[in-house]
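Student: model the structure of this input:
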Amino acid sequence: MTARLGIILICALAALPVHAESVLRDDFEGPEPCLREAGSDAKYKVDMHRRVAQGARAGRVCEHLRITGNNGTYVYFSRPITSARIINELSPAVWLKSDRAGLQVMVHTGANELRTLLGVFERVRREQNLRDARFRVEHAHDMPADAIPRMVQVGAVASWQPPLLSHEDRRTAAGQPAPTNLFPCRALLGAGVKIAFGTDSSPWISGVIAPVEVIEMALGRAAPDDTRITLDEALRAFTLDAAYAEFAEREKGSLEVGKLADFVLFDRDFSRGPAHGISAAKVRMTVIGGRVAYE
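Tutor: A predicted model of the protein is given here:
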């Protein structure tokens, strides 16, 4: 029996020697495939692995993999990226050119790289006259306490995905160093940092994909100081502040005249029951663009 497996690509930072003029994308657009097998929980075989010119969403080419297997859920492929290349790519010019083109830059980062990234944000603000950079830090759920004032200073948005906190739990259970300041919602909101919630997950990673499940998970997760996000704050992080994070707060995120009439009606009032029961809520009606799409 053949099963479809999830393929997870990992780009890991590595301290490898590199020429200063090297460009990150060159590694991924060379003549030969650069991704390498990095583990699996399944019995599988790689039927095909090659470069193809068709189907690339960005750049010149993309890497095409065809895998068959069974008795498992994932196959890991990875590609080391040197720190030097990462830093060279994150130059202030990236934000300047993106701003001119009306594009937004979002950077995925962890706790170890966050301080460096905030330094880039500070340099961009200092050297470039941007209209509204609205820096986005994707992930970085383990937020060092000393990074919070810097998030405020540069006006960065913390784009967080509560389902991915399970990764931190698994790493800690496996013996890796525990996070020092995981999911400090109260500290960020109290300082004035906007939080945008999302799912950014898959059934084979956490099993949590519905917004009501994500909200329940966020309400149940305490920060190291034992503080938690409130229901109103979690709803705002999933709606108005999530819209703000993508420059769309004038179009959606709240029910106001002139905005998109997109909303969901549930079978219960979340504020009148326990937080652990939110995920059991059933959708009674879905309205998109002012029209009933489901009831």
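Student: can you list the weak-confidence ranges in the chain?
Tutor: Along the chain, the model assigns pLDDT under 70 to residues 1-31, 53-61, 80-90, 201-208.
Student: break it into its domains for me.
Tutor: 6-84, 90-251 (automatic domain parsing).
Student: ok, which of those domains comes nearest Thr286?
Tutor: When the domains of the chain are compared by C-beta to C-beta, domain 90-251 sits nearest Thr286, at 12.1 Å. (Each C-beta comes from the backbone N, C-alpha and C, glycine too.)
Student: and the strand or helix carrying Arg115, which residues are buried?
Tutor: Arg115 is part of helix 111-127 when elements are defined by DSSP states H and E. Within helix 111-127, the residues that qualify as buried are Ala111, Glu113, Leu114, Leu117, Leu118, Val120, Phe121, Val124, Arg125, counting by 16 or more other C-beta atoms under 10 Å.
Student: what packs against the next helix or strand after it?
Tutor: Using DSSP H and E, the helix or strand that follows helix 111-127 towards the C-terminus is strand 136-139. On a contact count with 3 or more C-beta pairs under 8 Å, 6 or more residues apart in numbering; DSSP states H and E, strand 136-139 meets strand 106-109, strand 157-160.
Student: before we move on, back to that, deepest of the domains of the chain, which one?
Tutor: Mean neighbour count (mean count of other C-beta atoms under 10 Å) peaks for domain 90-251 among the domains of the chain, with a mean of 17.
Student: circling back to that earlier point, chain center to the helix holding Arg115, what's the gap?
Tutor: The chain centre lies 18 Å from the centre of helix 111-127; the measure is C-alpha atoms, centre = their mean, to the nearest Å.
Student: now stretch 153-165
Tutor: Distance, centroid of stretch 153-165 to centroid of chain: 8 Å (C-alpha atoms, centre = their mean).
Student: and what of stretch 96-106?
Tutor: That offset, for stretch 96-106, works out to 19 Å (C-alpha atoms, centre = their mean).
Student: before we move on, what about stretch 165-185?
Tutor: The answer for stretch 165-185 is 16 Å, by C-alpha atoms, centre = their mean.
Student: let's see it as CSV, backbone CA atoms only.
Tutor: Written as CSV, here are the backbone C-alpha positions of stretch 165-185 (Å, rounded to 0.1, in the frame of the first residue of the first chain):
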residue,chain,number,x,y,z
LEU,A,165,4.4,25.8,20.5
SER,A,166,4.2,22.0,20.5
HIS,A,167,7.5,22.0,18.7
GLU,A,168,9.1,23.7,21.7
ASP,A,169,7.5,21.2,24.0
ARG,A,170,8.8,18.3,22.0
ARG,A,171,12.3,19.8,21.9
THR,A,172,12.4,20.3,25.6
ALA,A,173,11.0,16.8,26.2
ALA,A,174,13.8,15.4,24.0
GLY,A,175,16.4,17.0,26.3
GLN,A,176,17.2,20.3,24.4
PRO,A,177,17.5,23.5,26.4
ALA,A,178,14.1,24.8,27.5
PRO,A,179,12.9,28.2,26.2
THR,A,180,13.5,31.0,28.6
ASN,A,181,10.5,33.3,27.8
LEU,A,182,8.0,31.3,25.8
PHE,A,183,4.8,33.0,24.6
PRO,A,184,5.0,36.2,26.8
CYS,A,185,1.7,37.7,25.5
